[in-house]
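# I'd like to go over a predicted model; first the sequence, then the structure.
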2 protein chains.
Amino acid sequence: MVTIKDVARVAGVSTATVSRVVHDGGQVGDACRARVKKVIEELGYRPNTNARALVSKTSDTIGVVTPKLSMTFFGCLAAGVENAAHNNGYKLLMSNSHYETKSELEAIRSLQEHSCNAIILHSEYSDEKTLLKLADDIPGLVFINRFIPELAHRCVWLDNVSGARHITRYLIDKGHRDIAVISSVYQNNDPQSRLEGIQQVLREHDLALPSGRIIESTANLRGGEEAARQLMDRGETFSAVVAYNDLMAVGAMNAFQDAGLRVPEDVSVVGFDDLYISRACRPHLTTMSYPIEDMALYAAELAIKLSEGQADSQSRTHLFYPTLKERASVYTRQASDDDALA
Amino acid sequence: MVTIKDVARVAGVSTATVSRVVHDGGQVGDACRARVKKVIEELGYRPNTNARALVSKTSDTIGVVTPKLSMTFFGCLAAGVENAAHNNGYKLLMSNSHYETKSELEAIRSLQEHSCNAIILHSEYSDEKTLLKLADDIPGLVFINRFIPELAHRCVWLDNVSGARHITRYLIDKGHRDIAVISSVYQNNDPQSRLEGIQQVLREHDLALPSGRIIESTANLRGGEEAARQLMDRGETFSAVVAYNDLMAVGAMNAFQDAGLRVPEDVSVVGFDDLYISRACRPHLTTMSYPIEDMALYAAELAIKLSEGQADSQSRTHLFYPTLKERASVYTRQASDDDALA
DNA sequence: TTGAAAGCGCTAACAC
DNA sequence: GTGTTAGCGCTTTCAA
């Protein structure tokens, strides 16, 4: 391994000078700088990150903590952070929290030990008090997909309510009156916010949402299937269903189709997220696009700025809006159409 | 920040003793060890990773380089490595190579600077000579999804030929005689290996594979769609198509269905990988399962062992086999069935 | 503009 | 068993 000393010796200067050259510090004579640069090139010198981090207490590394990397959604999140890292000459340090409070905290601590002071946290299982204290400790910590009022300027999140409102309005515009909801249970309140949005719009249109038409299930394919089956078993009336996310929506479509129903002619289905699978299912899924990769990139740049002490205007928050991706899973109902599925 | 000195001072011992306690070194008296442990606990001391890495030249960090994290396949790969990291108390350092030779190399170098000496590389764009040199430099470097004969014991890869043979045989067993292939172009020779496997089996059954029935396209949904359309435009005869991977298979299914063909009654379609989308599409896709997450975990543990100098028996290689996931995209043809689609 | 030197937090001989 | 001490490779005063 070639060290700064080697370069200094060969170039006939002190290590301090080499360090200055490496950092593009202005205080070096032109001839000297050129010579050092040449030697660096020849020797293939690359500064040791650990030594640098040890003395400067910063490591040009951005950390990200998510529940489970193998899920597409989190893969996209990580990819967004990676882009930001790449653009800023940072490296990416990853930790899965495996959906546990303890490892969530442990992950952050261990990131800190690596002098990683820009951190993106997708936290679902820690309470606000814990998070508040953490944020106090780590200036470069930003939260993605979670809103904490006291830390508004360090939260990058999505307006779930408006997204849910949007897609519900869309369904109503398409002539749907009897709408069912496949919801989920989560530590964070995304499902609740989305449900809230749906209910608001329904109320505004004087449309009912009987509790029998709301099913809670796990947020994956199977959960969607089960929820749809329950809906049918209960004999509920509905011409459209809003699912918590794409996974559940596709699961529901599967169950409906397996039961002999046509999508969208007999039941329309919409999702949320716009993952890859929404273009894999038949019919392609109409859904609200969750710009998670962009958001993650944004969050990462924010974290980097904050960690470098470039305090953003402390007063603003960072709210993103989902947009409608219209595909083929919603049927346009005519006045003449039969009543909703019974 | 609490340092080892603080602990030493409070516990009334030397830093060396603290270090021994932290590392579970045997050379410490029981009373002393207990006291130190207590102080560590009270002060919340956590050793600084960078300092440790600086002196010990190793960082308990495993690096992984893949082309693009946002793709499900690579997300799963990363998740596998993360599991291994987690199990071994390692952290995960990630780099995207963005499908470029230059950043592939750059990524590795920068991993090295972080004293990261267990590295998993999914390389597609570097030539063997470069890789050989790299491997020489870094004992803990293992290749995933690529086989380099000289480095056999450090390659974790999949038997693509046998996988392709398996699925082709399956199709033939189901009565298919006219099989088309949607292939792809890649730097690594996975597509070629799979094509090879298909051709072998076809030949063994005296079945023809006219060049017109082989289409090359990009390995994603759109590529699959385009390939399927070309196949139809050419007026080729086939009752089944083998796609390079699930993405292309689903794309092809989309195109066939859009053209009014029924899958699988009119055309059977099979894929490779067994990604999530194979259970999202209709009908669900029959495919060869690529155990990438398991393989990545295995590769990571191998890399860790190698980096710690625990030389595995140098002579063996690490070959995995894909398995058939039978779902609903293949039709069983009867002798009485019409001739293949013309 | 440049160099000398102290020290970041930790480990590992080597003493005692 | 436990302490002393010399660095690991780098940055950063402080002097010159």
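Happy to help now that I have it.
# which SS class is the closest residue to A:D246 other than its chain neighbours?
When the adjacent residues along the chain are set aside, A:D246 lies closest to A:G271, with 3.9 Å between them (C-beta to C-beta, 6 or more residues apart in numbering or on different chains). All C-beta atoms are positioned from the backbone trio N, CA, C, and that covers glycine. Recorded secondary structure, A:G271: strand (DSSP: H, G, I helix; E, B strand; the rest coil).
# Could you check the pLDDT of A:G271?
Confidence per residue is given as pLDDT, and for A:G271 that number is 98.
# need the contact list for it.
For A:G271, the contact set (C-beta atoms under 8 Å, 6 or more residues apart in numbering or on different chains) comprises A:A243, A:N245, A:D246, A:L247, A:M248, A:A249, A:V250, A:S278, A:L285, A:T286, A:T287, A:M288.
# Filter those residues down to the ones in helices?
When DSSP state H is applied, these are split such that A:D246, A:L247, A:M248, A:A249, A:V250 fall in helices.
# Which member of the residues you listed is positioned nearest chain B?
A:V250 (4.7 Å; C-beta to the nearest C-beta).
# Could you report the separation of that closest one from B:K174?
Taken as C-beta to C-beta, to the nearest Å, the spacing of A:V250 relative to B:K174 amounts to 27 Å.
# And for A:I304?
Between A:I304 and B:K174 the computed distance is 55 Å (C-beta to C-beta).
# So for these two, which sits in the more crowded spot?
For A:I304 and B:K174, the more surrounded residue by other C-beta atoms under 10 Å in any protein chain shown is A:I304, and the numbers stand at 22 against 16.
# Could you measure from that one over to A:T58?
In this view, A:I304 and A:T58 are 11 Å apart by C-beta to C-beta.
# likewise A:V65?
Using C-beta to C-beta, one gets 19 Å for the distance from A:V65 to A:T58.
# between those two, which one's more packed in?
When neighbours are counted by other C-beta under 10 Å, A:V65 and A:T58 differ, and A:V65 comes out ahead with 24 against 15.
# for that one, which residues make a bridge with it?
On DSSP bridges, the residues paired with A:V65 through beta bridges are A:S95, A:L121.
# what's it in contact with, if anything?
A:94-97, A:104, A:107-108, A:111, A:119-123.
# Now for chain A, the helix or strand with the poorest mean pLDDT.
Lowest mean confidence among the helices and strands of chain A (mean pLDDT, DSSP states H and E): helix A:101-113, at a mean of 87.
# Flag every buried residue along that one.
The neighbour-count check on helix A:101-113 (16 or more other C-beta atoms under 10 Å in any protein chain shown) flags A:S103, A:E104, A:L105, A:A107, A:I108, A:S110, A:L111, A:Q112, A:E113 as buried.
# burial measure for A:N189, as a count.
The tally of other residues near A:N189 (other C-beta under 10 Å) stands at 13.
# what kind of secondary structure is the closest residue in space to A:H318 that isn't next to it in sequence in?
Here the nearest residue to A:H318 in space, its sequence neighbours aside, is A:V156; by C-beta to C-beta, 6+ apart that works out to 4.5 Å. The three-state label for A:V156, taken from three-state DSSP, comes out as strand.
# got CSV for the buried residues of helix A:101-113, with distance to B:D137 too?
Formatted as CSV, the buried residues of helix A:101-113 follow (distance: C-beta to C-beta, whole Å):
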residue, distance to B:D137
A:S103, 34
A:E104, 36
A:L105, 37
A:A107, 30
A:I108, 33
A:S110, 27
A:L111, 28
A:Q112, 30
A:E113, 27
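# Could you measure from the residue of the stretch 101-250 of chain A found nearest DNA strand D over to A:L319?
Of all residues in the stretch 101-250 of chain A, A:S115 sits closest to DNA strand D, with a separation of 11.8 Å (C-beta to the nearest atom of the strand). A:S115 sits 31 Å away from A:L319, taking C-beta to C-beta as the criterion.
# More neighbours: the two, which one.
A:S115 (22 against 14).
# Quick check: which element contains the more buried one?
Under DSSP states H and E, no helix or strand contains A:S115.
# ok, A:V263 to A:K325 distance?
The value you get for A:V263 to A:K325, if C-beta to C-beta is used, is 16 Å.
# for A:Y276, same thing?
Spatial separation of A:Y276 from A:K325 under the definition C-beta to C-beta is 12 Å.
# The two - which one has more neighbours?
More crowded of A:Y276 and A:K325, by other C-beta under 10 Å: A:Y276, with 22 against 18.
# any idea which element the residue in the stretch 151-300 of chain A that DNA strand D sits nearest to lies in?
When C-beta to the nearest atom of the strand is the measure, the stretch 151-300 of chain A has its nearest residue to DNA strand D at A:A300, with 22.8 Å between them. Under the criterion DSSP H and E, the helix or strand holding A:A300 is helix A:292-307.
# next SSE after that helix?
Scanning forward in sequence from helix A:292-307 by DSSP H and E, the next helix or strand is strand A:318-320.
# ok, the very next helix or strand once past that next one near chain B or not?
Read in the C-terminal direction, the helix or strand following strand A:318-320 is strand A:323-325, with elements assigned using DSSP H and E. No - applying C-beta under 8 Å from any C-beta of the partner chain, one finds strand A:323-325 separated from chain B by no less than 14.7 Å.
# quick one: contacts of strand A:323-325?
By C-beta under 8 Å, 6+ apart, the list of residues contacting strand A:323-325 reads A:H166, A:I167, A:Y170, A:D274, A:S278, A:T286, A:T287, A:M288, A:S289, A:P291.
# dump the residue contacts of the fifth one.
Looking back up the chat, that one is A:S278. The neighbours of A:S278, taking C-beta under 8 Å, 6+ apart as the test, are A:D246, A:A249, A:V250, A:G271, A:H284, A:L285, A:T287, A:K325, A:R327.
# My understanding was that A:W157 contacts A:P322; is that so?
No - taking contacts as C-beta atoms under 8 Å, A:W157 lies outside contact range of A:P322: 11.3 Å.
# quick one: the nearest residue to A:N87 once chain neighbours are set aside from B:A335, how far?
The shortest distance from A:N87 to any residue that is not its chain neighbour, by C-beta to C-beta, 6+ apart, is 7.9 Å, and that residue is A:E301. Counting by C-beta to C-beta, the gap between A:E301 and B:A335 amounts to 64 Å.
# quick one, which of the two is more surrounded?
With neighbours defined as other C-beta under 10 Å, A:E301 and B:A335 compare such that A:E301 has more, 19 against 5.
# Contacts only, for the more buried one.
A:A84, A:N87, A:N88.
# Restricted to helices, list those.
Checked against DSSP H, these include these in helices: A:A84, A:N87.
# Now the closest residue to DNA strand C within the stretch 201-342 of chain A: closest residue in space, sequence neighbours ignored.
Using C-beta to the nearest atom of the strand, the single residue of the stretch 201-342 of chain A nearest to DNA strand C is A:S307, 17.5 Å away. Across the structure, with C-beta to C-beta, 6+ apart as the measure, the residue nearest A:S307 apart from its sequence neighbours is A:G140 (2.7 Å).
# I'm done for today, thanks for sticking with me.
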